[in-house]
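>>> predicted model, plus sequence, below.
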Amino acid sequence: MPSETSVTIVVPVFNEEQNLPPLLAEITRAMDGGSRSWDVLFVNDCSTDGSLAVIKTLAGQDPRVRYLSFRANRGQSAAFAAGFAHASGDVVVTIDADLQNDPADIPALLDTMDHQGVDMVIGWRRRRQDTWVKRASSRLANRLRDWWTRETVRDTGCSLKAMRTPMARRLHVFKNMHRYLPTLVKMQGGTVAEVPVNHRPRVHGVSKYGTWDRAKAGAYDLIGVRWLQDRAIRYDIDERN
């Protein structure tokens with residue numbers, strides 16, 4: 001990946017009005033230090049607070065800020081899918097709006113993609129700044145996902161990821177697909193690398209997921225993803241006329 005590769009940073013947003021200005025400021029500091037052109041695409045998932053108004057203000061102040069706004073709440077996977085479809089960059093980076101992901105880690109993901117030539121780079125949180133219940137449930141969920149989907153990913157739940165845009169647009173789209181992005185990339189014949197990243201405690205807002213809700217949805221999703229894996233079709237054209 002050459003240094004002039006352009007990057008679109010996709011940020012799903014649901015009720016994060018206080019976090020958006022500092023998030024953009026941190027992204028700007030991280031990305032302006034490099035040579036890549038970049039933009040931010042906020043995807044407002046029908047927030048009920050002032051998030052959309054804040055996004056519009058930020059977009060009016062910086063032409064590198066774009067946004068989409070859903071008519072109804074559709075969830076994080078839908079926000080990512082819309083972001084992938086409307087990304088202008090050669091590479092898409094996904095990051096949460098809650099400031100727990102550190103934008104300063106984005107250049108390391110892009111450099112790893114450049115040096116290793118992979119299709120996707122995902123972050124794994126070295127020291128998670130969450131409650132012990134959330135850490136324990138996440139650890140168990142990761143182990144179950146790895147076992148059932150025959151994976152070896154350390155932390156598929158980390159939202160900080162980088163993907164080549166054509167690959168992102170080829171992925172199967174479904175509810176909760178964001179929890180299986182590395183597996184979906186590999187199903188398309190893609191390659192994945194991992195890098196350690198920072199993780200920070202939430203300061204503003206509240207978590208959008210409950211442990212029990214995630215467990216129920218996760219069990220259902222695992223069956224579907226395994227089904228997709230076993231029936232995936234991949235081919236390479238050697239010649240054509």
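Great, that's in hand. Residues are numbered from 1 along each chain as shown.

>>> adjacent strands (with direction) for the host helix or strand of residue 39?
Assessed by DSSP states H and E, residue 39 sits inside strand 38-44. Counting by DSSP bridges, the strands paired with strand 38-44 are strand 7-13 (parallel), strand 65-69 (parallel).

>>> just the residues contacting the next helix or strand after the shortest one, thanks.
Sequence-wise, the next helix or strand downstream of strand 65-69 (DSSP H and E) is helix 76-86. In this structure, residues lying in contact with helix 76-86 by Cβ atoms under 8 Å, 6 or more residues apart in numbering are 8, 10-14, 41, 43, 45, 66, 68, 70, 92, 94, 163, 165, 168-169, 171, 173-178, 208. (Each C-beta comes from the backbone N, C-alpha and C, glycine too.)

>>> for the next helix-or-strand element following helix 76-86, name the packing helices and strands.
Using DSSP H and E, the next helix or strand after helix 76-86 towards the C-terminus is strand 91-94. Judged by 3 or more Cβ pairs under 8 Å, 6 or more residues apart in numbering; DSSP states H and E, the packing partners of strand 91-94 are strand 7-13, helix 76-86, helix 106-116, strand 161-164, helix 165-170.

>>> adjacent strands (with direction) for the fourth one?
With DSSP bridges as the criterion, the sheet partners recorded for strand 161-164 are strand 91-94 (antiparallel), strand 120-125 (antiparallel).

>>> contacts for that strand, please.
By Cβ under 8 Å, 6+ apart, strand 161-164 touches 1, 7, 84, 90-94, 106, 109-110, 113, 119-123, 181, 185.

>>> if I look at the residue most central in space within the chain, how far off is residue 241?
Nearest residue to the geometric centre of the chain (Cα atoms, centre = their mean): residue 94, 3.2 Å. To residue 241, residue 94 is 39 Å away according to Cβ to Cβ, to the nearest Å.

>>> ok, residue 230 next?
For residue 230, the distance to residue 241 equals 33 Å [Cβ to Cβ].

>>> residue 16 now?
Noted for residue 16: a distance of 52 Å to residue 241, by Cβ to Cβ.

>>> looking at those two, which has the bigger crowd around it?
Using other Cβ atoms under 10 Å, the more surrounded residue of residue 16 and residue 241 is residue 16, with 26 against 2.
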